[in-house]
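Engineer: my questions concern the predicted model and sequence given below.
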Amino acid sequence: MKRFALILYQLFIWIPLSLIATLITAITTFVGCMCGGEHFFSYYPGKLWARLICIFTLCPVKVVGKEKLDKKQSYIFVSNHQGAYDIFLIYGYIGQPIKWVMKRSLRKIPFVGIACEAAGFIFVDSSSPQAAAKTIRLAEEKLKNGASIAIFPEGSRTHTGKPGVFKKGAYQMALDLKLPIVPITINGSYDVMPIGTYRINPCKMEMIIHDPIPTDEIQPENIREVAVIVRKLMEQSRDCITSGLWEKYKL
């Protein structure tokens, strides 16, 4: 009976409300940014939208470690990627203006893609070293307005709830831009909506913000040393992230 009620709720309440909220947010973001209000409209409508989605899904959210962040500081946020709700947790509850680094394919999503572009989000093109360098330059430009960058180093959502292989792009970016890396642990979003399904399962979600990892004093002397440092930063942040995982999500 409870399962049947949840299906009815999803069909007649969750889906309509989520679609309406997404459409209104996309239009508001696009129009506001095009009118010169990117600093405000690229963050606050999305923040409200993300929180509403969590509320519509009947998911209580717990945030730990928010006091570790300085609102005047830009960061590179790196998080494990359990499911679609990771975006709602970070966007809605991190408390910092952020620019997302996203797959280029997401630009094709109706309304959402063009709103993300207007908001200054960065679409990744990893087809060549030149394209990757362009991504770094775009990120540096976006950070001039005091925003932070949010990236999922795994690249895509996990199929098991457990963390996958991390890629080095976020750490290279942090090193190049001399920005602190903030590891974030996400718990619970895998259970809400695992990859491959659109059926919701309301449950508790948690976001743990770990201590920032500074990079501003790191001065590599050659390309080989850069590679070693990037790998160490990646391993250090991954250890932080996995340390906060619930037992069922640990490797």
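Structural biologist: That came in fine, so what should we check first?
Engineer: could I get the full set of helices for the protein?
Structural biologist: Per DSSP state H, the chain carries helices over the ranges 2-9, 15-34, 38-41, 44-56, 85-93, 112-118, 129-143, 169-177, 189-192, 223-243.
Engineer: ends of stretch 28-46, what's the gap?
Structural biologist: One end of stretch 28-46 sits 9 Å from the other (Cα to Cα, to the nearest Å).
Engineer: tell me, how many residues neighbour the residue nearest to residue 57 when sequence neighbours are not counted?
Structural biologist: Leaving aside its chain neighbours, residue 57 sits nearest to residue 200 (5.4 Å; criterion: Cβ to Cβ, 6 or more residues apart in numbering). The way it works is simple: take the backbone N, C-alpha and C, and place the C-beta from them, glycine included. Residues lying near residue 200 (other Cβ atoms under 10 Å) number 21.
Engineer: so, low pLDDT: which residues of the stretch 51-200 of the chain?
Structural biologist: Scanning the stretch 51-200 of the chain for pLDDT under 70 picks out the ranges 125-133, 136, 142, 144-145.
Engineer: sorry, back to before: tell me if I'm right that the residue nearest to residue 57 and residue 10 touch.
Structural biologist: Yes. Contact status for residue 200 versus residue 10: in contact at 5.6 Å, counting by Cβ atoms under 8 Å.
Engineer: identify the contacts common to the two.
Structural biologist: With contacts defined as Cβ atoms under 8 Å, 6 or more residues apart in numbering, no residue is shared by residue 200 and residue 10.
Engineer: residue 99 is nearest to which of the helices of the chain?
Structural biologist: Nearest to residue 99 among these is helix 129-143 (4.7 Å), distances taken as Cβ to Cβ.
Engineer: dump stretch 214-229 to PDB, keeping only the CA atoms.
Structural biologist: What follows is stretch 214-229, C-alpha atoms only, in PDB (Å, rounded to 0.1, in the frame of the first residue of the first chain):
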ATOM      1  CA  PRO A 214      45.400  24.400   0.300                       C
ATOM      2  CA  THR A 215      47.400  24.600  -3.000                       C
ATOM      3  CA  ASP A 216      48.600  28.200  -3.100                       C
ATOM      4  CA  GLU A 217      52.000  27.500  -1.600                       C
ATOM      5  CA  ILE A 218      52.700  24.500  -3.900                       C
ATOM      6  CA  GLN A 219      55.500  25.400  -6.400                       C
ATOM      7  CA  PRO A 220      56.300  22.400  -8.700                       C
ATOM      8  CA  GLU A 221      59.500  22.800 -10.600                       C
ATOM      9  CA  ASN A 222      58.800  20.600 -13.600                       C
ATOM     10  CA  ILE A 223      56.000  18.700 -15.400                       C
ATOM     11  CA  ARG A 224      56.900  15.400 -13.700                       C
ATOM     12  CA  GLU A 225      56.600  17.000 -10.300                       C
ATOM     13  CA  VAL A 226      53.300  18.500 -11.300                       C
ATOM     14  CA  ALA A 227      52.000  15.100 -12.100                       C
ATOM     15  CA  VAL A 228      53.100  13.700  -8.700                       C
ATOM     16  CA  ILE A 229      51.500  16.600  -6.800                       C
END
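Engineer: if we can go back for a sec, in TSV: the helices of the chain, plus distance to residue 68 and mean neighbour count.
Structural biologist: Converted to TSV, these look like this (distance: least, Cβ to Cβ, whole Å; neighbours: other Cβ atoms under 10 Å):
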stretch	distance to residue 68	mean neighbour count
helix 2-9	36	11
helix 15-34	28	17
helix 38-41	24	17
helix 44-56	19	19
helix 85-93	14	22
helix 112-118	27	19
helix 129-143	19	14
helix 169-177	16	22
helix 189-192	21	24
helix 223-243	12	15
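Engineer: how about these in JSON lines, adding distance to residue 104?
Structural biologist: Shown next, in JSON lines, are these (distance: least, Cβ to Cβ, whole Å):
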{"stretch": "helix 2-9", "distance to residue 104": "34"}
{"stretch": "helix 15-34", "distance to residue 104": "18"}
{"stretch": "helix 38-41", "distance to residue 104": "21"}
{"stretch": "helix 44-56", "distance to residue 104": "19"}
{"stretch": "helix 85-93", "distance to residue 104": "17"}
{"stretch": "helix 112-118", "distance to residue 104": "10"}
{"stretch": "helix 129-143", "distance to residue 104": "10"}
{"stretch": "helix 169-177", "distance to residue 104": "14"}
{"stretch": "helix 189-192", "distance to residue 104": "23"}
{"stretch": "helix 223-243", "distance to residue 104": "23"}
